[in-house]
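Peer 1: coordinates for the following, if possible.
(2 chains)
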Amino acid sequence: MSLKETSAISIKEVRNDFPVFRHYPSLVYLDNAATSQKPQSVIDAVSGFYERENANVHRAVYPLAEKSTDLYESSRSEVARFIGAERNELVFTKGSTESLNIVANALATSGRYKTFVVPTFEHHSNFLPWQYHSLKNGIKFVALPIMGAELTVTEVTESLKEVEAPFVFSIGGLINSTGYRTPFEDITELVHSFGGLTVIDGAQLVPHESFDFKKVNSDFLVFSGHKMLAETGIGCLVGRAELLDDLTPFVFGGGMVDRVSVEASSYAKEGTSRLEGGTQNISGVVSLASACRYLNKIGISAIHEHVSNLTETAREMLKEIADVTVYSPPDSHAILLFSHKRIHSHDLAEFLGRTQEVAIRSGHHCAQLQMKALGITSACRASFYLYNTVEDVKRLIEGITKAERWFL
Amino acid sequence: MNFEQLYSDFIMFHFKNNTHRGRLEDSTHTVEGSNTSCGDSITLYLTIGKGVVNAIGFEGEGCAISQASAAVMAEILEGKSLEEAAATIVNFEKMIHGEEYDGSKIGDAAFFEGLKEHPMRAKCAILPWKTAAKVLVSKQQKKTGA
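Peer 2: Below you'll find the predicted structure:
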C-alpha cells in the first residue's frame, strides 16, 4: 500500500516544539490516549507563572494576588472560548473523573432524576460514578449493552423507550479504548426529546475535535487538560449556567462559602466558584489556557486531519499482519485497539517499549465491559496525536514483525 | 533490566513448554485469581492429600511471565508438605516485593527476582502464587511470614 504523507501540519516544526523528542530523539510515543506530551510553550507558561505571578487567587488585595487572579480568570475565558462555552459555564476541576463524580453526585442527590443511563463501552471513569451514586440514592441504573464497539442512534432510541424520565444519559465523545467516535450530537437531541439530560465525556474528544458546547446543546461536558498538552491534575466541568448553579458542591471549604456560623453556614448561590472549594490548581489552569492557545495556533481541524491520516495508515498496515486483529470500528479516530493472536498484549507492549522505543499501552484500558463485549480480556492500544509521524507508524509495524520473530 | 533479562531463556523455556498446563481431573481444590490491573486470570487445580501438595495444574490467559511463573510454581510446590508450600509462597512474595527473603529456599523461582524492579510486571509473576495462597496460606501464616 502507499503511505499517505500528511501535509495538514508542519510536522518538523511541531516536533521541535516538544522537548521530550530532543531528550529521546528515537522515541515513538503512541500512548496519547493516556496522556499527551507537553510543548515548550506550556512548560514556559507554568514556570513563568511561578517566577512572576504566583499568589493565591480570589483572596488577597495586593498587586501580585490581583495579577494571579486576573490570570486565573482570563484563563477561564480562554478555555471556555476553546470549547464554545461562556466563562460562567466552566468550572475547573482535577480532570474528567472528578468532573463526572461532581455531576453524578449532585444529580443523584437532587432527587429529580429517576434513571441514570450509561453505555457499556465507557471507561470506568464514566461508568462507576453513575453506577455508585444511582445505587446509593435509589435511582435506576441502566447500562446500555453494546454489540462489539458501536452504538447506533436507532439502538439508543429503542432503549430510551424503556427508560423512566427524567433521566441522565452520559456518553463519551471518543471512546478511550477503541477510538469509536460516537454520534453524541444526535444522541443529545434524542435524549432531550425523551426528557433527559446529557453529559458528554470529552476526555478523548476535546483534544482532537473542535467542540462547540452551544451548538451541540449538551447539558454538561467534561474534559481533562493532560490529554491535550496541559498539566495533569487540571480539567473542566462545563454546564449550562442554570444547571451548574443547581449542583450541590462536592467539596466544601474556602472560596465557595457565603456566611459561616456555628449553627449552619450558607454557600454561594451561583457562579463557578461554588464548585471550586479550596485553593485550586492555579498553574494547571495557566497550563490549560496555554495548551488551548497552542492547539489553536496549529489548528484543531489540521490536527484532526493529520491524526486521521495516521490512524488510517496504521489501521491498514496492522490489518496486513496476518495474526493481528483490529477491534476499533471503521468510525474510530486517533486510537486503535488491536491484539496479536499468538503474543499476549503485555509481552508485545514490553517488547516494543524496551527494544524498539515504541510506547503503546496494553491491558484492559480501564474499560473491562468494553473488553468483555469484544470477547477479550486485554489488548494493545496505539493512540496518535499531532506530533506523530508516518515514520512512527512504520516503526510500530516493524516492531510487531520483530516481536513475532522473537516470541514465535 | 533490559528486555533479554526480563524475558530470560529460563522464563521463555517455561512459557513455551506448556508444563503443568491444563485441568487436573482428580483435583481436590480449584481456585481462581485475577490481576485487576490488566484483566488476566488464572485457574489453579490442586491435588492435596495427606498434608502434601501432590499435583498442580493451571488454565488461564496471561503473558509469558505469568504463565512461566505458574509453571515454575507448580514444579516447586509439587511434593511439598502444606507447611513447606505455604512457607515457599510467602518467601516468593517477599522476594517479589523487594523484602528480605530466604534465598536458600527459593530454588528456580529466583529467576523472577529481577521483576521486583518492575512493579507492573511483578503483578504478572505473583498472580499464580497469590492464587495458590488462597488455598495454601492461612492469614496467620501471611502475618507471621509462615
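
Peer 1: quick one: the helices in the stretch 251-400 of chain A?
Peer 2: In the stretch 251-400 of chain A, the helices defined using DSSP state H, counting those that start in this stretch lie at A:282-298, A:300-319, A:345-356, A:368-374, A:390-407.

Peer 1: from the rest of the structure, what touches the first one?
Peer 2: Applying C-beta atoms under 8 Å, 6 or more residues apart in numbering or on different chains, the external contacts of helix A:282-298 come out as A:9, A:14, A:17, A:38-39, A:41-42, A:45-46, A:49-50, A:53-54, A:56-57, A:68, A:71-72, A:74-76, A:78-79, A:81-82, A:92, A:207, A:225, A:228-234, A:236, A:303, A:386. All C-beta spots, glycine's among them, are computed from the backbone N, C-alpha and C.

Peer 1: report the buried residues of that helix.
Peer 2: Residues of helix A:282-298 classed as buried: A:282-292, A:294-295, A:298 (neighbour count, 16 or more other C-beta atoms under 10 Å in any protein chain shown).

Peer 1: give me the number of residues near A:S261?
Peer 2: Number of residues near A:S261 (other C-beta atoms under 10 Å in any protein chain shown) recorded here: 7.

Peer 1: contacts only, for it.
Peer 2: No contacts exist for A:S261 under C-beta under 8 Å, 6+ apart.

Peer 1: contacting residues around the closest residue to A:N217 other than its chain neighbours?
Peer 2: If the residues on either side of it in the chain are set aside, A:N217 comes closest to A:T188, at 6.0 Å by C-beta to C-beta, 6 or more residues apart in numbering or on different chains. Residues in contact with A:T188, defined by C-beta under 8 Å, 6+ apart, are A:198, A:200, A:216-218.

Peer 1: among those, name the buried ones.
Peer 2: Here, 16+ other C-beta under 10 Å leaves A:198, A:200, A:216, A:218 buried among these.

Peer 1: returning to what we had before: of the contacts of A:T188, which is the nearest to chain B?
Peer 2: A:I200 (27.0 Å; C-beta to the nearest C-beta).

Peer 1: how close does the residue located most distally from the centre of chain B sit to A:A359?
Peer 2: No residue in chain B sits farther from the centre than B:N2, which is 22.7 Å out by C-alpha atoms, centre = their mean. According to C-beta to C-beta, to the nearest Å, B:N2 stands 16 Å off from A:A359.

Peer 1: cool, and B:I42?
Peer 2: Going from B:I42 to A:A359 by C-beta to C-beta gives 28 Å.

Peer 1: the more surrounded of the two?
Peer 2: Neighbours were counted for B:I42 and for A:A359 using other C-beta under 10 Å; B:I42 has more, 23 against 18.

Peer 1: hmm, B:S8 is touching B:E113, no?
Peer 2: No - with contact defined as C-beta atoms under 8 Å, B:S8 does not reach B:E113; the gap is 10.8 Å.

Peer 1: got the confidence number for residue 54?
Peer 2: Just so you know, I chose chain A. On the pLDDT scale, A:N54 is placed at 96.

Peer 1: actually, chain B is the one I wanted.
Peer 2: 96.

Peer 1: A helix includes it, no?
Peer 2: No - under DSSP: H, G, I helix; E, B strand; the rest coil, B:N54 sits outside any helix and is assigned strand.

Peer 1: pull the number of nearby residues for it.
Peer 2: 16.

Peer 1: leaving out the residues flanking it, which one is nearest to it?
Peer 2: In space, B:N54 is closest to B:T47, 4.5 Å off (C-beta to C-beta, 6+ apart).

Peer 1: report the central residue of chain B.
Peer 2: B:W129 (3.3 Å).

Peer 1: let's verify that one: helix, strand, or coil?
Peer 2: Put simply, B:W129 is helix when judged by three-state DSSP.
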